[in-house]
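Engineer: Sequence plus the predicted model coming up.
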Amino acid sequence: MKTKYTIISFLLLFTISCSDDLLNPSPTASLSDNDVITDVVAAKTALMGAYALTGDYRYLTIYNISSDVMGQDLTMSSGAFSFPTYNWIIYSYQYQQVPSDNPWWTGYCAYIWRYAYKAIDQANTIIANAETIKPEGAEKEDIIAQAYGVRAYNFLVLTQLFSRAYNDQPDSKGIILRLIPGSTDEASNLPRATVRQSYERIIEDLTYVYEHGTATDVQYINKKGAALLLARVYLSINDYTNAEKYASIALDNTYDGSNLMSQDEYRSGFKDHNQEWLWYFNFNANTSNLYASIPSFYWLCKQFKGYAYGDKINPDDVLNADIAEELLDGYSTVRASFSFRNMFEDADCRKLFPGYLSEDDGFFIAKFGHRSRIGDAEFPFCRVAEGYLIKAEAELYRQGGSSALAKEVLNKLQIARGATPTAATPTIDDIWKERRKELYGEGFAIHDIKRLQKPLQRTGNDQWADVKTLSANSERFMFPIPNTELLYNKALTAADQNEYWQ
């Protein structure tokens, strides 16, 4: 359990690291070593750097949780019931992000942007030196393929957060497609591509991984992981034929439930990968980022002994290790809204909400656990279950698709989770509801709202943010482009800022 001294030390270290970044502003593409890479060892080192940046707590934690708390199902503790927010992620929940990173805790966009492009630059360094890397062979080819994959994944995160949905305005401004390393004018001073061009590049890069990747270790992006990401992207641009094609490739065309994790594995608190995880980030006791980790924001305990599951908990019992089973106290500030909790049947293994302190504060969430210490937990970038949901949605819409098959696939997932299968022909809202229940906490909420052109609709006393409703395709669904990018990128003007922030 943390003490006030641990918190003070952690926040001091974090503030110092943020201050270092702010004292030395530079273009986002100028952070890698541009010396020629001549051997596989150096290329692998650069690749591991790209992975590390992609999993950095100032990036992965912020964009992932932001993506979910900007939706309508998750809420946050107001800080009134012994769980202060520490100003982390609260500005995403309240739709009060700012394009400046001063003060640092309100400038999420700057950290997401900076670390994404750092990772992209590392990947670009490998790709740019592909001809000089020796020796030739399968290891070299797979390193290059993974570099394309890491670049694509980061481009996808940026596109989803900083751009309009493809379904809304495909030719509106997307992201900056930096494809060469370094800080030269050619590398740094680039305009925003369109949303369409951004997705085309992401597809091209992921296709390269799919066609050339040979890795089998799922802690690195591999052929099946790339296929599922391709399915995700094709679904986002309404190409349902390719969405179904690549989902089926990723799942070996298996939709009978046998490739899904067991109910016990789901309930165990996502901390160890299993057969369902196609690509994950491997945090461990030495590399985890402690209180700034994703599990820290969710997990408090597995359940409260002596209480019925989901009951109101006496505040005196919440931090009592004799009552709170597997207690490991992180921030525990992201909660499930009452309306979301009520979407789950009691037998559904995804109903991981052990209790609550107040009806104004939401339910604790036990989906993301820890092993030996806070943050010591692997985290999935893509899972087989998403493939079921993509297949079901694509079958509803693609030419030659089958609503009966969509129902069958959806039912297999529901049965595997202990939920009552959908009896009627499913609608897109049925599938969206299942996506919300299956994928919460994994960074899909705001992207699905944008992709499906849904309004934001928050209900209940536990949704205390000032922003309760937003219209479909709202300008506020996009993060602002960081001021530092607009300042240092000579190809941009103030008109390149996203509309709400101009």
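Structural biologist: That came through fine. Numbering: from 1, shown residues only.

Engineer: correct me, but residue 407 touches residue 434?
Structural biologist: No: with contact defined as Cβ atoms under 8 Å, residue 407 does not count as touching residue 434 (11.5 Å). Quick note: C-beta positions are derived from backbone N, CA and C, even for glycine.

Engineer: Now for the two: what residues contact both?
Structural biologist: residue 392 (Cβ atoms under 8 Å, 6 or more residues apart in numbering).

Engineer: Of those two, which one has the most company?
Structural biologist: residue 434 (24 against 20; other Cβ atoms under 10 Å).

Engineer: Could you check stretch 130-148 and say which residues are buried?
Structural biologist: 133, 140, 142-148 (16 or more other Cβ atoms under 10 Å).

Engineer: Show me the contact partners of stretch 429-442.
Structural biologist: 64, 68, 71, 73-74, 294, 298, 334, 336, 340, 343-344, 348, 350, 365, 367-368, 380, 383, 385-386, 389, 392-393, 396, 406, 410, 413-414, 417, 419, 422, 444-445, 448, 452, 454.

Engineer: scratch that, stretch 186-199 is what I was asking about
Structural biologist: 27-30, 155, 159, 163-166, 169-178, 180-182, 201, 233, 236-237, 488-492, 496.

Engineer: Pull out the buried residues from those.
Structural biologist: So, by 16+ other Cβ under 10 Å, the buried ones in those are 27-30, 155, 159, 163-166, 170, 172-178, 180-182, 201, 233, 236-237, 488-489, 492, 496.

Engineer: confidence score at residue 149?
Structural biologist: Looking at residue 149, its pLDDT reads 98.

Engineer: next one: the one 10 residues further on
Structural biologist: In this prediction, residue 159 carries a pLDDT score of 98.

Engineer: which other helices and strands contact the helix or strand containing it?
Structural biologist: Of the helices and strands defined by DSSP states H and E, residue 159 is found in helix 138-162. Counting by 3 or more Cβ pairs under 8 Å, 6 or more residues apart in numbering; DSSP states H and E, the packing neighbours recorded for helix 138-162 are helix 40-54, helix 62-69, helix 108-128, helix 195-212, helix 223-236.

Engineer: Measure how the last one sits relative to helix 195-212, angle-wise.
Structural biologist: Looking back up the chat, that one is helix 223-236. When axes from the mean of the first three to the mean of the last three Cα atoms, to 10 degrees is applied, the directions of helix 223-236 and helix 195-212 differ by 160 degrees.

Engineer: Which elements pack onto helix 223-236?
Structural biologist: Using 3+ Cβ pairs under 8 Å, 6+ apart, helix 223-236 is in contact with helix 138-162, helix 195-212, helix 240-250, strand 277-281, strand 379-383, helix 384-397, helix 445-451.

Engineer: if you compare the ones you listed, which one is most tucked away?
Structural biologist: helix 384-397 (a mean of 25; mean count of other Cβ atoms under 10 Å).

Engineer: Now tell me what touches that helix from outside.
Structural biologist: By Cβ under 8 Å, 6+ apart, helix 384-397 touches 228, 231-232, 235, 238, 240-241, 243-244, 247-248, 250-251, 255, 259-260, 275-278, 401-403, 405-407, 409-410, 412-413, 426-428, 431, 434-435, 438-439.

Engineer: The helix or strand following it - what's its average pLDDT?
Structural biologist: Sequence-wise, the next helix or strand downstream of helix 384-397 (DSSP H and E) is helix 403-417. Helix 403-417 carries an average pLDDT of 97.

Engineer: C-terminal to helix 403-417, which secondary structure element comes first?
Structural biologist: helix 428-439.

Engineer: Pull out the buried residues from that following helix.
Structural biologist: For helix 428-439, by 16+ other Cβ under 10 Å, it's 430-432, 434-439.

Engineer: between that helix and helix 384-397, what angle do the directions make?
Structural biologist: Going by the same axes, to 10 degrees, helix 428-439 makes 170 degrees with helix 384-397.

Engineer: Give me the phi and psi for residue 177.
Structural biologist: phi -90, psi 80 (degrees, to the nearest 10).

Engineer: which residues touch it?
Structural biologist: 155, 190, 193, 197-198, 201.

Engineer: same thing but 10 Å
Structural biologist: Each residue near residue 177 by Cβ atoms under 10 Å, 6 or more residues apart in numbering is listed here: 120, 151, 155, 158-159, 190-194, 197-198, 200-202.

Engineer: Identify the residues contacting residue 250.
Structural biologist: Counting by Cβ under 10 Å, 6+ apart, residue 250 has contacts 210, 223-232, 259, 278, 382-384, 386-387, 390-391.

Engineer: how close does it get to residue 119?
Structural biologist: Shown here: residue 250 relative to residue 119, a distance of 23 Å by Cβ to Cβ, to the nearest Å.

Engineer: Residue 89 and residue 294: what is the separation?
Structural biologist: Look at residue 89 and residue 294: by Cβ to Cβ, they are 11 Å apart.

Engineer: who's more crowded, those two?
Structural biologist: residue 294 (27 against 24).

Engineer: got a pLDDT number for the more buried one?
Structural biologist: 95.

Engineer: pretty sure it contacts residue 64?
Structural biologist: Yes: counting by Cβ atoms under 10 Å, residue 64 is a contact partner of residue 294 at 6.0 Å.

Engineer: Spell out which residues are contacts of both of these two.
Structural biologist: 379, 441-443.
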